[in-house]
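**Student:** give me the fold of what follows.
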Amino acid sequence: TFYAGPIDAAQKPDASQSQKELAEERRHQLREATEAFMQRRDRSVLDKLLPSRRELVLCCALTPFQQTRYAEALSNLDCGGRAGPEHLAAIMQLRAICSNGGASRENAQDEEDALVVRPRGGPHDLSKISVLLQLVPTVVAAG
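**Tutor:** Predicted coordinates:
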């Protein structure tokens, strides 16, 4: 297309100087054509409109059930000794175990493995979001 073609071509490592110049010209033309329809706001505008940001860091220990699943996942991990898509899949699996890990009373081997937190959604909904939802009223009340 008129705008996208030159802009995409200029982003390639082997783009010539003339391609880069044409891309810059098309970016400028596109910006002029769309500025009447688009609002561009930087962070300073939003900072005036939003309340101040507060950050709360919660450290939640893994349950014994999640620890077992995590250890099993690590022992089964084989990424072939080099970086690749297997690493991302492994990280995602470990992250899922830490988030909820299928750690419900139904999946626990015994009462000691069961999670202590009992989210509002029921005993089978044990994701981090459920824990967060329990904390929201307390955090809001604290200001």
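**Student:** what's in contact with the longest helix along the chain?
**Tutor:** With secondary structure taken from DSSP state H, the chain has its longest helix at helix 17-34. Contacts with helix 17-34, where a contact means C-beta atoms under 8 Å, 6 or more residues apart in numbering, come from 2, 3, 6, 7, 9, 10, 11, 15. For every residue, glycine as well, the C-beta is placed using N, CA and C.
**Student:** from those, list just the buried residues.
**Tutor:** By neighbour count, with 16 or more other C-beta atoms under 10 Å, the contacts of helix 17-34 hold 6, 7, 10 as buried.
**Student:** and the residues you listed, which is closest to residue 70?
**Tutor:** residue 7 (44.7 Å; C-beta to C-beta).
**Student:** tell me which of the buried ones among the contacts of helix 17-34 fall in helices.
**Tutor:** Per DSSP H, these map to helices at 6, 7, 10.
**Student:** which ones are touching the last one?
**Tutor:** The one in question is residue 10. By C-beta under 8 Å, 6+ apart, the neighbours of residue 10 are 19, 20, 22, 23, 24.
**Student:** how about a cut-off of 6 Å?
**Tutor:** For residue 10, the contact set (C-beta atoms under 6 Å, 6 or more residues apart in numbering) comprises 19, 20, 23.
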